[in-house]
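Student: Here is my input; please provide its structure:
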Amino acid sequence: YMVKYKQRPINNFSVATIVYRDEDTIEKTLDNIIANTNRGNQLVIVSGKGGDKTSEIVTEKIKKSHFFVNRNYKLLSKEWEHDFSLQKNYALNNCKSGWRLLLDADEWLDGYTWNMLPHIIRRLDAEGIDCAFFPRINVLEGLSREQLEQYCQKQQLESKKVAAPAGTTQEIGNCENAIK
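Tutor: Numbering: from 1, shown residues only. Sure, this is the predicted structure:
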């Protein structure tokens, strides 16, 4: 989804992504972000220190792309507390732009949605709307039940309900619901 934090220039927006044991999916997500954002955008990635090579993949991908200059890219670490919402709020709070697009490490947007973002932001501003949801493509779509179970097991997803303060992200992860 995309959320507005403060009034800022509408041409720029930040992309926030959290990663935790996402070495199998993060490269495709980064390719999608890099191919579809302009140099005025910011990328904030928060690593949950999952013990795999995700952070290294992110660092190498950003270096090779020559796309995000130092001021427009942050790779932050925050100890994983088995709560997606804490990671997402930390990522969103470290973004500079007024509009912030939150993508999971296993999600990406189609080209049409990326192209429409500046127009969508202008319309949201004009109508006084602070939050919008977009259709996303997810790596889990099209996987068999066995593949989904393996993915959830690797991620060590747990069902957890968390009360979130107003204006923050709340995430409830439930692997069982994902595979039904």
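
Student: Where is the longest helix in this structure?
Tutor: helix 111-127 (DSSP state H).

Student: For that helix, buried residues please.
Tutor: Thr113, Trp114, Leu117, Ile120, Ile121, Leu124 (16 or more other Cβ atoms under 10 Å). The C-beta positions use only the backbone N, C-alpha and C, and glycine is treated the same way.

Student: Dump those to TSV, plus pLDDT and distance to His82.
Tutor: Formatted as TSV, the buried residues of helix 111-127 follow (pLDDT from 0 to 100; distance: Cβ to Cβ, whole Å):
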residue	pLDDT	distance to His82
Thr113	88	31
Trp114	89	32
Leu117	87	32
Ile120	87	33
Ile121	87	33
Leu124	87	33
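
Student: Tell me the one among those nearest to Ile33.
Tutor: Within the buried residues of helix 111-127, proximity to Ile33 (Cβ to Cβ) peaks at Trp114, which comes in at 9.0 Å.

Student: Find the nearest non-adjacent residue to the closest one, please.
Tutor: Leaving aside its sequence neighbours, Trp114 sits nearest to Asn36 (Cβ to Cβ, 6 or more residues apart in numbering; 3.6 Å).

Student: Likewise for Arg136?
Tutor: Arg136 sits nearest to Glu107 (Cβ to Cβ, 6+ apart), 4.4 Å away.

Student: Fine, thanks again, bye for now.
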